[in-house]
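K.L.:
Generate coordinates for the sequence data below:
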Amino acid sequence: MRDSLILSVVIPVFNERCNLREVLDRLHAVAKGISCELEVVFVDDGSTDGSWEEICVLRNLGGAHGNLKGLRFSRNFGKEAAILAGLQISQGEAVVVMDADLQHPPELISDMVAIWREGFVVDIVEAVKIRRQKEALFFRWAAWVYYGLFRFFCGIDIRNATDFKLLDRRAVEQYLRLPEVGRFFRGLTIWLGMHSVALEFEPPPRAHGSKSWTVGRLVGLARRSIVSFSSMPLRLVTWFGVLGLMFSIALTLQTLWLHWRGQSEEGFPTVIVLILGMGSMILLGIGIIGEYVAEIYTEVKRRPAYVVADRLRDE
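P.N.:
Numbers count the residues shown, from 1 in each chain. The predicted structure follows:
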């Protein structure tokens with residue numbers, strides 16, 4: 001059996017003011033049951049609904065809420081940056097990452113810790129959804145397409161995976177050693193290849209508030225995650241070029257053969273179709289290359305992943 005002095009819980013926050021008190025109360029109830037000292041790290045990712053003020057109020061309550069840390073970003077830098085910032089200031093031997101909307105039930109942490117405390121080495125305990133929560137048909141279809149593309153391009157199956165994970169301190173340190181600025185926590189924890197155990201759960205509906213994800217943000221996440229994890233789209237451009245070359249050679253040989261036999265016909269529609277098709281392929285190829293160039297540009301600038309505007313310091 002393994003004992004942990006401190007269990008850290010990292011919670012990215014974006015306009016979740018109405019959920020924070022309940023999240024904290026339920027976390028402390030869980031901590032009592034597993035005999036761990038609890039460290040809660042709230043990272044306010046540019047909220048505009050007073051989430052930071054609520055975090056300060058909870059910190060000032062003291063008592064059961066005393067061991068609470070907080071960071072406030074100068075603007076919205078994204079969930080990945082918030083997770084990174086929380087992991088960097090966490091001190092627990094085990095660190096749980098979870099959402100603030102209560103769709104990651106805090107009570108599941110008890111089972112995570114029980115698995116982590118077993119005699120064999122477990123670096124990551126990841127909560128895996130049995131089924132997706134109720135959502136619009138379009139979002140369900142878009143998720144199915146995205147997960148399929150990610151598996152095809154990257155060779156990693158993240159269907160039903162979540163950011164709700166327990167990481168051993170060794171896994172946290174390995175994650176923090178990764179040099180890239182643009183991160184995808186859900187995929188990188190799999191890429192690390194450390195020993196992980198899946199724990200199934202069914203996400204409950206949101207307790208309060210509404211989903212903050214928009215179509216644009218979801219498309220951006222899909223684009224960044226695939227580009228940062230796989231170079232296969234670039235290889236597809238090469239293969240499209242090879243196929244286009246083979247087709248053009250075959251068409252050229254056919255044209256010369258028909259011309260030699262005196263059977264050549266006017267092919268204006270064919271020329272138009274070929275020009276449009278090849279032009280579209282060229283533009284698509286340039287666009288894919290441009291995505292990778294943009295990713296390289298972001299990385300070589302080496303700007304910080306986030307800027308901290310305020311923090312709750314230890315007394």
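
K.L.:
Okay, buried residues for the helix or strand encompassing residue 247 please.
P.N.:
Assessed by DSSP states H and E, residue 247 sits inside helix 232-260. Within helix 232-260, the residues scored as buried using 16 or more other Cβ atoms under 10 Å are 233, 237, 244. Yep, even glycine has a C-beta here, placed from its N, CA and C like the rest.

K.L.:
on contacts alone, who are the packing partners of it?
P.N.:
helix 137-154, helix 268-301 (3 or more Cβ pairs under 8 Å, 6 or more residues apart in numbering; DSSP states H and E).

K.L.:
Now do the first one, average pLDDT.
P.N.:
Same thing as helix 137-154. The pLDDT scores in helix 137-154 average 78.

K.L.:
Run the angle between that helix and helix 232-260 for me.
P.N.:
80 degrees (axes from the mean of the first three to the mean of the last three Cα atoms, to 10 degrees).

K.L.:
Next secondary structure element downstream of helix 137-154?
P.N.:
Past helix 137-154, the next helix or strand by DSSP H and E is strand 161-168.

K.L.:
and the next element down the chain from that next one?
P.N.:
That would be, after strand 161-168 and using DSSP H and E, helix 169-177.

K.L.:
How are the helices of the stretch 1-150 of the chain distributed by residue range?
P.N.:
Counting by DSSP state H, counting those that start in this stretch, the stretch 1-150 of the chain has helices at residues 17-34, 51-61, 79-89, 108-116, 137-154.

K.L.:
tell me what the second one is packed against?
P.N.:
On a contact count with 3+ Cβ pairs under 8 Å, 6+ apart, helix 51-61 meets helix 17-34, strand 37-44, strand 68-73, strand 308-312.

K.L.:
What average pLDDT does the helix holding residue 247 get?
P.N.:
For helix 232-260, the per-residue pLDDT averages 75.

K.L.:
Outside of stretch 289-302 itself, list whatever touches it.
P.N.:
Here stretch 289-302 makes contact (Cβ atoms under 8 Å, 6 or more residues apart in numbering) with 180-182, 223-224, 227-228, 231, 233-234, 237.

K.L.:
now the residues you listed: which count as buried?
P.N.:
By 16+ other Cβ under 10 Å, those give 181, 224, 227-228, 233, 237 as buried.

K.L.:
Save those residues as CSV, and put in distance to residue 47 too.
P.N.:
CSV is the format used below for those (distance: Cβ to Cβ, whole Å):
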residue, distance to residue 47
181, 22
224, 22
227, 28
228, 26
233, 34
237, 40
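
K.L.:
check contacts around the spatially most central residue of the chain.
P.N.:
The centroid of the chain falls nearest to residue 184 when counting by Cα atoms, centre = their mean (4.2 Å). By Cβ under 8 Å, 6+ apart, the contact set of residue 184 is 80, 224-225, 228-229.

K.L.:
which one of the residues you listed is nearest residue 166?
P.N.:
Using Cβ to Cβ, residue 80 comes nearest to residue 166 of those, at 18.4 Å.

K.L.:
now the nearest residue to that closest one once chain neighbours are set aside: how far from residue 221?
P.N.:
Once flanking residues are discounted, residue 80 sits nearest to residue 183: 4.8 Å by Cβ to Cβ, 6 or more residues apart in numbering. For residue 183, the distance to residue 221 equals 11 Å [Cβ to Cβ, to the nearest Å].

K.L.:
quick revisit: compare the helices and strands packed on helix 51-61 and give me the one nearest residue 167.
P.N.:
strand 37-44 (13.0 Å).

K.L.:
Report the backbone C-alpha coordinates of that closest one in PDB.
P.N.:
Provided in PDB are the C-alpha atoms of strand 37-44 (Å, rounded to 0.1, in the frame of the first residue of the first chain):
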ATOM      1  CA  GLU A  37      -4.400  16.000   3.000                       C
ATOM      2  CA  LEU A  38      -6.000  17.900   0.200                       C
ATOM      3  CA  GLU A  39      -4.500  20.600  -1.900                       C
ATOM      4  CA  VAL A  40      -6.900  22.300  -4.400                       C
ATOM      5  CA  VAL A  41      -5.500  24.400  -7.200                       C
ATOM      6  CA  PHE A  42      -8.000  26.500  -9.100                       C
ATOM      7  CA  VAL A  43      -6.700  28.100 -12.300                       C
ATOM      8  CA  ASP A  44      -9.000  30.900 -13.600                       C
END
